[in-house]
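> 3D model of this:
(chains A and B)
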Amino acid sequence: MKAEPFLINVDQAVLDDLERRLRRTRWAGGPRDDTWDLGTSPAYVKEFLSYWQDQFDWRTAEAALNQFSQFTAELGGSRIHFIHEQALGHARLPLLLLHGWPDSFYRYYKVVSKFTAPGNIGGDPRDAFDVVVPSLPGFGFTGPLRHRSAEQPNRQSAQLLWRLMTEVLGYRRFAVAGGDGGGALAQILAIEHPESVVGIHLTDLGWHVTNLDPKTCSKTEQKYLEASKKAFMADGAYAMVQSSTPHSLAPALTDSPSGLAAWILDRFHSWSDNRGQLEESFSKDELLTNIMIYWVTGTIGTSIETYRADTLSPSLTISDHVDLPVGLALFPKDLGGVPPRELAERTLNVQRWTEMPRGSHFTALEEPALYANDVTAFFRDLAA
Amino acid sequence: MSVQPFEVKISDAVLADLRGRLASARLPEAPEAADWGSGTSPAFLRRLVQHWQTGFDWRAQEAAINRFAQFRAPVAGLEIHFIHERGRGRAPLPLILTHGYPDSFLRFSKLIPLLTDPAAHGGDAADSFDVVVPSMPGYGFSQAPERDGFTFQIGDLWHKLMTDVLRYERFGAHGGDWGSTVTEHLARSHDRSVIGIHLTDVPFWHTFQKPKDLSPAEEQCLVRTSEFMLKEGAYAMIQGTRPQTLAQGLMDSPIGLAAWLVEKFQSLSDCGGDVEARFSMDELLTNIMIYWVTGTIGSAFLPYYDFTHAGALRWILETAKGWVGSSKVPTGLAIFPRDPSQPPREWAERFYNVQRYTLLPRGGHFAALEEPELLAQDLRAFFRPLRSAESFRAA
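Presented below is the predicted three-dimensional model:
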């Protein structure tokens, strides 16, 4: 098993085809074009697509992504894509960074160098990590997994990531950090491979905790769970669709770039900390680079199918407990807000608890310094 | 009010654009044998798209639609499209039929001749109807409302259409899905004009009020309703809470629109899992085309938005709750076994003056398309005692 160097080099035909699609876009419009109350603002989609067509340059974005050392490795019949950047100087630990939906390995582009070369930005060079950022199974340049059963798909994905770190990259012990779906995979890795994982850093508790029976919870926990449920009923329909009927949704998002953009932009708008001004958190180029990773690989369908697959055969339940040390960085505007620590301690061995002053769901993209410092501090303490 | 004759005539440019989109369709990667367990079967979608490109003839479908007498008229500020077919018989009873989502005025295409000309279809000419089938506001060839909460006003609009525009003094009404909500509203607010209503379901929002004296059958019905919403209600949640997030892709991609709509024809019909056992590909595609050529998928989500956001709960609490036990208009229910709504008679009696309650042997949510003959017989039987010698036409 050997990692092959990889460069992103999207076929010109894919880009030409995309341009044709953007040019012929049929606009949905709506009675209240410029608000986000009914979902992605049609006026914003229009402005966004005009930028996509006229100003966004994929080749520039591609070249920037290719600044990272990327590889692919064949594992179990599937090809895993990942960034692998070596620490400048001695690495304290290898760090596996796991993204979620609807982001991609790009989630971490701002923090990779903060981890590999902290000395370059005024940090302590001894805090350096080797960094591995895979495209998760079903996502981006990894694409769908082959020959996989329906049994606990997230456990299978976690197992592939463990093999990547140990068999392919030869690390005996490593650190894991993640959020959203990547956080769930981090928890599974900690449960399945305590011999390899030193500890995990998370930005959320995972969606399985919402299955807790409120009757067994404290008032504070109940209040949080109720608020989460209310938020989910108001803005969680995307997940209901993805968990029940992804095959009814995927064709539109695979066939229409404006449809894909509208679906993904809504999440970045809902899950960012900027009083509704999306571009105060993310530039159009950033938003587009992430959307393009879904478009050029055609993986929106397999990415949303991970919701369905996990619903049919969940890999984490409330009876699972992470015994390894867990660091939690909670960003105030993430889904449901900051959970009570006692709730986290039901399923996690919480060793570090940081409530951030600002930021939301896409932690490493929106507040890279806050995020990287917390991860670094957690694993520094752990190593001490 | 000016009633203008109307024909469906889609420009060549729209059809050429569609052909281009279908030819360059990007389908998601999915196992070929995928069933309908996670939404629309990818294998079926592939075949449907193939047929759309090579077998489907829109102009032939358009000609068939145009065999119905169609009109457009401004009603309370909105251009409303409707079929208006006169009955054959001594005293046809005027009847307005209201469709729902994700169908269209074509929901009633098979039913119309059975109602207008029963004698030609094994029935009695005395049972004939003048039939009016509007496109709901925001659907098909009717104009979309520009404000929230319009769903609660469609009944008033239909009353205007029937009385002011078409000069009927008294008439009957039938509907399913959103059509049952509109039809009930029409009866509640205009009971002097409506001689009877006939429904294929009890509108779901009645389940929001939970009476304390439920019968076991009613309990079971409410459990089934909430199970349905949990298992299959995601489409309604996204269409209600984030309609614009979804609409853009469906507006821009014909295969995306097809996948989104076809799922319901498979899951809500009495097809035993095989959608083609109930609907031909031409039928499915013609209905999809109504949404595509009019670009109305976004505005078709408005009733869902209204129920999620625009004061629906207030409306239900203030208006609909006052209706409990107060209905006067005679009501008939035809319950088809595969419709997700299976209200027992006592549940319906809480809200309506139930004169007829029929459990049909087969059929699902799209009863008018699936079992037009059964539905026509039930409609004739329900309205028969309500007909009188009086003329239904205004002097």
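> helices or strands up against the helix or strand of chain A with the lowest mean pLDDT?
Least confident element among the helices and strands of chain A, by mean pLDDT, DSSP states H and E: helix A:219-235 (a mean of 93). Packing contacts for helix A:219-235, counted by 3 or more CB pairs under 8 Å, 6 or more residues apart in numbering or on different chains; DSSP states H and E, involve helix A:341-347, helix B:234-241. The way it works is simple: take the backbone N, C-alpha and C, and place the C-beta from them, glycine included.
> What's the first helix or strand after that helix?
Using DSSP states H and E, the next helix or strand after helix A:219-235 towards the C-terminus is helix A:237-244.
> what's the angle from that following helix to helix B:234-241?
Orientation note: helix A:237-244 sits at an angle of 170 degrees relative to helix B:234-241 (axes from the mean of the first three to the mean of the last three CA atoms, to 10 degrees).
> near chain B, anything from the next helix or strand after helix A:237-244?
Per DSSP H and E, the first helix or strand lying C-terminal to helix A:237-244 is helix A:246-255. Yes: with CB under 8 Å from any CB of the partner chain as the criterion, chain B is reached by helix A:246-255 at A:Pro246, A:His247, A:Ser248, A:Leu249, A:Ala250, A:Pro251, A:Ala252, A:Leu253, A:Thr254, A:Asp255.
> Buried ones in helix A:246-255, by neighbour count?
Across helix A:246-255, burial judged by 16 or more other CB atoms under 10 Å in any protein chain shown covers A:Pro246, A:His247, A:Ser248, A:Leu249, A:Ala250, A:Pro251, A:Ala252, A:Leu253, A:Thr254, A:Asp255.
> list the contacts for the closest residue to the second one other than its chain neighbours?
What that stands for is A:His247. Leaving aside its sequence neighbours, A:His247 sits nearest to B:Gly39 (CB to CB, 6 or more residues apart in numbering or on different chains; 3.5 Å). For B:Gly39, the contacting residues are A:Ser244, A:Thr245, A:Pro246, A:His247, A:Ser248, A:Leu249, A:Ala250, B:Ala259, B:Glu263, by CB atoms under 8 Å, 6 or more residues apart in numbering or on different chains.
> And the pLDDT for the residue minimising distance to the centre of chain B?
In chain B, the C-alpha nearest the mean C-alpha coordinate belongs to B:His99, at 1.8 Å (CA atoms, centre = their mean). According to the prediction, B:His99 has pLDDT 98.
> That one contacts B:Ser142, correct?
No: using CB atoms under 8 Å, B:His99 is not in contact with B:Ser142, being 10.9 Å away.
> Now do the shared contacts for these two.
Residues touching both B:His99 and B:Ser142 by CB under 8 Å, 6+ apart: B:Ser135, B:Met136.
> For chain B, spot the helix or strand the model is least confident about on average.
Min over SSEs of chain B, mean pLDDT, DSSP H and E: helix B:321-323 (a mean of 60).
> Tell me the first helix or strand C-terminal of that one.
In N-to-C order, the element after helix B:321-323 by DSSP H and E is strand B:330-335.
> Spell out the secondary structure type for B:Val133.
Look at B:Val133: counting by DSSP: H, G, I helix; E, B strand; the rest coil, its state is strand.
> Helix or strand: which one has the closest residue in space to it that isn't next to it in sequence?
By the measure of CB to CB, 6+ apart, the closest residue to B:Val133 outside its immediate chain neighbours is B:Ile83, 4.2 Å from it. For B:Ile83, the host element (DSSP H and E) is strand B:78-85.
> Walk me through which strands that strand pairs with, and which way each runs.
Strand pairing for strand B:78-85, using DSSP bridges, gives strand B:70-75 (antiparallel), strand B:129-134 (antiparallel).
> Going by neighbour count, which residues of that strand are buried?
So strand B:78-85, judged by 16+ other CB under 10 Å, has buried residues B:Leu78, B:Glu79, B:Ile80, B:His81, B:Phe82, B:Ile83, B:His84, B:Glu85.
> mean confidence for it?
The predicted model gives strand B:78-85 an average pLDDT of 98.
> With stretch B:246-255 instead?
Averaging pLDDT along stretch B:246-255 gives 98.
> Up against chain B, what does the stretch 101-250 of chain A have?
A:143-144, A:233-238, A:240-241, A:243-250.
> Are any of these buried, and if so which?
The buried subset of those (16+ other CB under 10 Å) comprises A:143-144, A:235-238, A:240-241, A:243-250.
> In these, find the pair that's most separated.
Maximum pairwise distance in those, criterion CB to CB, is 28.9 Å, between A:Gly143 and A:Asp235.
> Can you tell me how far A:Pro332 is from chain B?
According to CB to the nearest CB, to the nearest Å, A:Pro332 stands 23 Å off from chain B.
> Can you read off the pLDDT for the nearest residue to that residue once chain neighbours are set aside?
Spatial nearest neighbour of A:Pro332, chain neighbours left out: A:Val338 (6.0 Å); criterion: CB to CB, 6+ apart. Listed pLDDT for A:Val338 reads 95.
> Spit out the contact partners of A:Val338.
Contacts of A:Val338 (CB under 8 Å, 6+ apart): A:Leu330, A:Pro332, A:Glu355.
> Dihedrals phi and psi, it?
Backbone geometry at A:Val338, expressed as degrees, to the nearest 10, gives phi -80, psi 130.
> ok, now A:Phe362?
According to degrees, to the nearest 10, A:Phe362 has phi -90, psi 60.
> Could you pull up the residues touching it?
Per CB under 8 Å, 6+ apart, neighbours of A:Phe362: A:Asp103, A:Arg107, A:Phe268, A:Trp271, A:Ser272, A:Ser281, A:Phe282.
> Distance to B:Thr183 and pLDDT for those - can I get that in CSV?
As requested, the contacts of A:Phe362 are exported to CSV (distance: CB to CB, whole Å; pLDDT from 0 to 100):
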residue, distance to B:Thr183, pLDDT
A:Asp103, 46, 98
A:Arg107, 50, 98
A:Phe268, 42, 98
A:Trp271, 41, 96
A:Ser272, 44, 96
A:Ser281, 47, 97
A:Phe282, 47, 98
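> thinking again about what came up before, pLDDT-wise, what's the bottom of the buried ones among the residues of the stretch 101-250 of chain A next to chain B?
Here the lowest pLDDT out of these sits on A:Pro144, with 84.
> if I read this right, that residue contacts A:Gly298, doesn't it?
No: between A:Pro144 and A:Gly298 there is no contact under CB under 8 Å: 9.9 Å.
> what sits against residue 140?
You didn't say which chain, so I picked chain A. Shown in contact with A:Gly140 (CB under 8 Å, 6+ apart): A:His81, A:Ser104, A:Phe105, A:Ile293, A:Tyr294, A:Thr297, A:Thr299.
> my question was about chain B
B:Gly140 makes contact with B:His81, B:Ser104, B:Phe105, B:Ile290, B:Tyr291, B:Thr294, B:Thr296 under the criterion CB under 8 Å, 6+ apart.
> need the strands for the chain, in chain order.
Here I'm looking at chain A. Along chain A, counting by DSSP state E, strands occupy A:4-6, A:70-75, A:78-85, A:93-98, A:129-134, A:174-178, A:197-202, A:322-330, A:348-355.
> I was after chain B.
B:4-6, B:70-75, B:78-85, B:93-98, B:129-134, B:171-175, B:194-199, B:330-335, B:353-359.
> any chance of the ones you listed in TSV, with distance to B:Gly155 too?
TSV is the format used below for the strands of chain B (distance: least, CB to CB, whole Å):
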stretch	distance to B:Gly155
strand B:4-6	23
strand B:70-75	12
strand B:78-85	13
strand B:93-98	9
strand B:129-134	12
strand B:171-175	9
strand B:194-199	9
strand B:330-335	15
strand B:353-359	17
